[in-house]
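Student: I'll drop the sequence and a predicted model, then ask my questions.
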Amino acid sequence: MKQGKILALVGVLVVAPMALAQGSGASSKPSAGKTAARALEVYEQGKRLYDAKNYAGALERFDQAAAIEPDKARWQYNRGLALRKLGRFAEAREALLHSRTLDPAYKQAEIDDKLREMGFSPAPPPSAPASEPPAPSISTPPAPPPPEPSVVPRGETSKKPANPMSSFCVCSGMALLFFLLMRWQLSKTKPLQDPHRASTSTLQPRSEEFAPLEERLEQVAASLVQVEHALRLKEDADLRALLNQATMAEQNAWQSMADFRKGTASRSAVTRRIDKAHEAAQAAVAHAHGLFGDKAFLPEGQRVGCYFCARPLANPSFRMQVPLKRGSQVTNVLACPPCANMAAAGQPPPVKVLRSGSGQTQHWSEVRGYDPYTHRHQPHPDMSTIPAWQYTPERSLGEVAAMAAGSALATGLAAYGVSRLLDLDSASEAAAAQAATQAATQAAAKRASEHREERDWKDHS
């Protein structure tokens, strides 16, 4: 009886894959056409949402299109545009560079312009030149002649080569059958170990494992702080790109470290992230040293940071002025290029503050001991962000802007450009109107849902 079941299983595992392999090629072309049409349909929905300035909804549709056709550069490009509008510049950069990887000729100038506007270099960071392959030896023997075609005697027919897909399916079926038989045999001798229990037990970290990992991350952070200060000497696009890449790798390592503390990541995963951050930081340090020599790391830059996000602005050519209007008063503040671009698009960037237990907020420049260079890579505790129109300083806005800009205000807010006027009162009104619209939409949806439930209850009573 058992032998009969095994033979039946062999038939299913061998014959069924062969049948599947024979019929797999017929439907590939029609399905590809349907896939492209579906991706285009989802994209058109996203484009309408984008034109209506519903960037979150547009991003959702572009994500769907990219999931349907992952090799299409057009969908990644539009993902980058939507992410840029949402102020998620690091993700926007990755999407645009992914689009360029998929199709280097697609939207070349547009991608370069968008990367520059977000403060990134359009060119990839410098890398070590690849070593040239060794020249072939003169005494290399000539290639062997191609094999002569086989001659089929008269009256016989040549056999067609076996279908590789069928052979693969047969081998896979036999291998699966062997695995099932071995598993059945082992189950008779000893019980199988619970894989879930085994995986969770290996992810429980010990307290002594944290210290060396955190020490390495702090070394990475200290190196990147040095690079931030080195940019005071000269703004260099390649060094800025290397710094941005290293900062993203560092942030990923810190997040992986937090997951490791919670037991949701392994030590090896954290180590890989830290290794990647360390390599990126060393590349940035080496490039800075190659540009400026030892003087790059001697004195420190001025305590100047973006009024909104506190990003260090060591070099005037990386700063922009943003005029803020509240009531009838206009105050100029310094901002980094990403925040200035958001302001120019009419989207007020959030402001980094320290919120006390009583609900009062303190601008980052007013927090004692807060350093834009250090705390970009070693986050200050208890800091958060709030919308720019909600932040009302206890002192005048001009005083806070001067504290954030350091001594740069004394030289007339040295910067390479001026953004368009950002009206905080109008932004507050627009946010209130949007919140009211969303509340009305949710209330209408709730009433419609209750009506449907009442109707369904009556229909089925």
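Tutor: In hand now; what should we look at? Numbering: from 1, shown residues only.

Student: OK, contacts around the residue at minimal distance from the centre of the chain?
Tutor: In the chain, the residue lying closest to the centroid (Cα atoms, centre = their mean) is residue 91, at 4.1 Å. Residues in contact with residue 91, defined by Cβ atoms under 8 Å, 6 or more residues apart in numbering, are residue 83. (Each C-beta comes from the backbone N, C-alpha and C, glycine too.)

Student: Start at 844, not 1
Tutor: Taking 844 as the first residue, the last one we looked at is residue 934.

Student: Please report how far it lies from residue 1153.
Tutor: Residue 934 sits 20 Å away from residue 1153, going by Cβ to Cβ, to the nearest Å.

Student: again, but for residue 881
Tutor: Distance, residue 881 to residue 1153, using Cβ to Cβ: 44 Å.

Student: So for those two, which residue has more residues nearby?
Tutor: Ranked by neighbour count (other Cβ atoms under 10 Å), residue 881 and residue 1153 place residue 1153 first, with 26 against 14.

Student: residues touching that one, list them.
Tutor: Residue 1153 makes contact with 1195, 1207-1208, 1213, 1215, 1218-1219, 1247 under the criterion Cβ under 8 Å, 6+ apart.

Student: could I get those residues as JSON lines with distance to residue 954?
Tutor: Putting those into JSON lines (distance: Cβ to Cβ, whole Å) gives the following:
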{"residue": "1195", "distance to residue 954": "29"}
{"residue": "1207", "distance to residue 954": "32"}
{"residue": "1208", "distance to residue 954": "35"}
{"residue": "1213", "distance to residue 954": "35"}
{"residue": "1215", "distance to residue 954": "29"}
{"residue": "1218", "distance to residue 954": "32"}
{"residue": "1219", "distance to residue 954": "26"}
{"residue": "1247", "distance to residue 954": "32"}
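
Student: Name the next helix or strand downstream of the helix or strand hosting residue 1092, please.
Tutor: Here residue 1092, judged by DSSP states H and E, is contained in helix 1080-1105. Per DSSP H and E, helix 1080-1105 leads on to helix 1110-1135 as the next helix or strand towards the C-terminus.

Student: Centre of the chain to that next one, how far?
Tutor: Centroid separation between helix 1110-1135 and its chain, computed with Cα atoms, centre = their mean, to the nearest Å, is 18 Å.

Student: other SSEs contacting it?
Tutor: Judged by 3 or more Cβ pairs under 8 Å, 6 or more residues apart in numbering; DSSP states H and E, helix 1110-1135 is in contact with helix 1053-1073, helix 1080-1105.

Student: so which of those helices comes closest to residue 1242?
Tutor: helix 1053-1073 (25.3 Å; Cβ to Cβ).

Student: average pLDDT across that closest one?
Tutor: Mean pLDDT, computed over helix 1053-1073, is 91.

Student: what does that helix contact?
Tutor: By Cβ under 8 Å, 6+ apart, helix 1053-1073 touches 1082, 1085-1086, 1089-1090, 1093, 1096-1097, 1100, 1103-1104, 1110, 1113-1114, 1117, 1120-1121, 1124-1125, 1127-1128, 1131, 1134-1135, 1139-1140, 1142-1144, 1155, 1157, 1216-1217, 1219-1221.

Student: TSV for the helices and strands packed on helix 1110-1135, including distance to residue 919?
Tutor: Below are the helices and strands packed on helix 1110-1135 laid out as TSV (distance: least, Cβ to Cβ, whole Å):
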stretch	distance to residue 919
helix 1053-1073	28
helix 1080-1105	18
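
Student: will you turn those helices into JSON lines that also has mean neighbour count?
Tutor: JSON lines is the format used below for the helices and strands packed on helix 1110-1135 (neighbours: other Cβ atoms under 10 Å):
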{"stretch": "helix 1053-1073", "mean neighbour count": "18"}
{"stretch": "helix 1080-1105", "mean neighbour count": "19"}
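
Student: looking at those helices, which is closest to residue 1230?
Tutor: Taking those one by one with Cβ to Cβ, helix 1080-1105 is closest: 22.9 Å.

Student: Packing partners of that closest one?
Tutor: Using 3+ Cβ pairs under 8 Å, 6+ apart, helix 1080-1105 sits against helix 932-945, helix 1053-1073, helix 1110-1135.

Student: Select, out of the ones you listed, the one closest to residue 1239.
Tutor: Per Cβ to Cβ, nearest to residue 1239 of the helices and strands packed on helix 1080-1105: helix 1053-1073, 28.9 Å.
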